[in-house]
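J.: quick one: sequence and predicted model below, then my questions.
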Amino acid sequence: MSDCCSAPGLMPFETALNQLLANVQAPKKIQLIAIEDCLDRVLASAIVSPIFVPPNDNSAMDGYAFSFASINDTENIALDIVGRSFAGEPFTGKTELGQCIRIMTGAKMPDCCDTVVMQENTKVVDGKLTFTKLPTERFSNVRNKGEDISCGQTVFKQGHKLAAIDIGLLASLGVANVEVYAPVTVALLSTGDELRTPGERLGDGDIFESNRFALNALLQRLNVNVIDLGIIRDDKQAIREAFIRADKEADVVISSGGVSVGEADYTKDILTELGEIGFWKIAMKPGKPFAFGKLPNSIFFGLPGNPVSALVTFYKLAIPGIEKMQGMPFKPAAKFSAISTTKLKKSPGRMDFQRAVVSYDEQGVARVTSTGTQGSGVLTSLGKANCFIVLDSEQGSVAEGEKVFVEPFAFAFQ
Ligand SMILES: Nc1nc2c(c(=O)[nH]1)N[C@H]1C(S)=C(S)[C@@H](COP(=O)(O)OP(=O)(O)OC[C@H]3O[C@@H](n4cnc5c(N)ncnc54)[C@H](O)[C@@H]3O)O[C@H]1N2
Ligand code: MOO
């Protein structure tokens, strides 16, 4: 990723991301919560297994358990059935060579047994166990103590975001409560005199606003508390009051619109007045006028008003910042190369995040197709996409059939 060819006055994307991450802190507040409530929460302390999973050697089949030495003599084997081990009701006696016990799936293996035969491969004749097919190996059909998780093993590191399967794993360890970071509170507002809420009437020159709705939905996926401050007029005092309130009530303030150079673009003026700008203007497309800064009590992300620019900068810059504030380590996006099925227009100077659909053909070759018009106001270009085509700053246009890097969208963005 070269920083050499960004247009003058624009910060390279990678520099902006690193600066942003260096300026946000992991949370300090911790909560103890029941595992039933911990979906998508971030662990504030590692989980070390207090037990072996499974806790004992146990049978993987309904059948019969015995010592493998009992079937060394392959002629005329008939084992005495001397007991039974059911799940939750183990066999506590001893077996000797030539003996076996009836055993069920999940039941504890008796100490003197090391092998299980499934019952379909046996026949009980005159009260004795005979075999229609002999196990060929010692330890057949035995699940070992701790084969999934060892006692003392770190199962999840601090900073791990808990998924649904993780909750099952925690339960399997007998863990009832976990320490997680307190959720971040985000205040969200849109600026613009032309913006109307769905349900209202559109006047001449008005548009229905979409940014707050999409951003609010994405924030729900991030499991943060959202304070929706609505639409704020293009008026310095109204924006000032909204920022002061947002800064009092939230850890993060996110605005959209008003960050460019127009006469009614007040966002960064008010940010400078109340706090400080970290950086403004990035060599990325879409999203050039993104602003990052600090208010007295909160972190500020100023997203551009254009819907695609707002969502792409939110995804590429605000989400990593919020995730760090939730205690998660930064993970660079996964990328792979694919063949572009279309020509892609690109001028050197900014890193492009073009919207596209990637899939594999019958030969297993990844092919990526642009979603079409890439204007920053064309929200369908993002809605139809499942990935970005990421083109470096210095790169020019791409010919059909050329290889490009694609970055599939994370679950939270679809
Ligand atoms: N002379 C220049 N003009 C512009 C530049 C520039 O460098 N020089 N940059 C362009 C780029 S790039 C972008 S991106 C936009 C960003 O402008 P703002 O952040 O100031 O956004 P607005 O002017 O308020 O709005 C832009 C556009 O988006 C619509 N919008 C705004 N908010 C919403 C919303 N909540 N939901 C849906 N749509 C929204 C708004 O109506 C405008 O059409 O500046 C370029 N200009
Ligand atoms: O950030 Mo703007 O998105 O290039 O229109």
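T.: Arrived safely, thanks for sending. Ligands and ions are numbered 1, 2, ... in the order given.
J.: A helix includes residue 36, no?
T.: Yes. Per DSSP: H, G, I helix; E, B strand; the rest coil, residue 36 lies within a helix segment.
J.: near ligand 2, which residues of the chain are found?
T.: For the chain, the residues in contact with ligand 2 (CB under 6 Å from any ligand atom) are 285, 286, 287, 288, 289, 304, 306, 309, 376. Glycine gets a C-beta too; all of them are placed from N, C-alpha and C.
J.: for these, which single residue is the most surrounded?
T.: residue 287 (29 neighbours; other CB atoms under 10 Å).
J.: my guess is that residue meets residue 315, correct?
T.: No. Applying CB atoms under 8 Å as the test, residue 287 and residue 315 come out as separate, 9.7 Å apart.
J.: would you map the strands across the stretch 51-200 of the chain?
T.: Using DSSP state E, counting those that start in this stretch, the strands found in the stretch 51-200 of the chain span residues 58-59, 63-66, 79-85, 99-103, 115-118, 122-125, 128-131, 142-143, 154-156, 177-181, 185-191, 195-196.
J.: return the most buried member of those.
T.: When you average the neighbours per residue for each of the strands of the stretch 51-200 of the chain (mean count of other CB atoms under 10 Å), strand 63-66 leads with a mean of 27.
J.: mind putting the strands of the stretch 51-200 of the chain into JSON lines with mean pLDDT?
T.: What follows is the strands of the stretch 51-200 of the chain, written out as JSON lines (pLDDT from 0 to 100):
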{"stretch": "strand 58-59", "mean pLDDT": "97"}
{"stretch": "strand 63-66", "mean pLDDT": "98"}
{"stretch": "strand 79-85", "mean pLDDT": "97"}
{"stretch": "strand 99-103", "mean pLDDT": "97"}
{"stretch": "strand 115-118", "mean pLDDT": "97"}
{"stretch": "strand 122-125", "mean pLDDT": "97"}
{"stretch": "strand 128-131", "mean pLDDT": "96"}
{"stretch": "strand 142-143", "mean pLDDT": "98"}
{"stretch": "strand 154-156", "mean pLDDT": "98"}
{"stretch": "strand 177-181", "mean pLDDT": "97"}
{"stretch": "strand 185-191", "mean pLDDT": "97"}
{"stretch": "strand 195-196", "mean pLDDT": "97"}
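J.: where do the helices of the protein begin and end?
T.: In the chain, the helices defined using DSSP state H lie at 13-22, 164-172, 211-221, 236-249, 267-274, 307-313, 319-325, 380-383.
J.: so which of these is the most surrounded?
T.: helix 307-313 comes out most buried of the helices of the chain by mean count of other CB under 10 Å, with a mean of 26.
J.: which helices and strands does that one pack with?
T.: The contact analysis (3 or more CB pairs under 8 Å, 6 or more residues apart in numbering; DSSP states H and E) places helix 307-313 against helix 211-221, strand 299-303, helix 380-383.
J.: I'd like the ones you listed written out as CSV, with mean pLDDT added.
T.: Below are these laid out as CSV (pLDDT from 0 to 100):
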stretch, mean pLDDT
helix 211-221, 96
strand 299-303, 97
helix 380-383, 95
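J.: since that was my last question, I'll sign off now.
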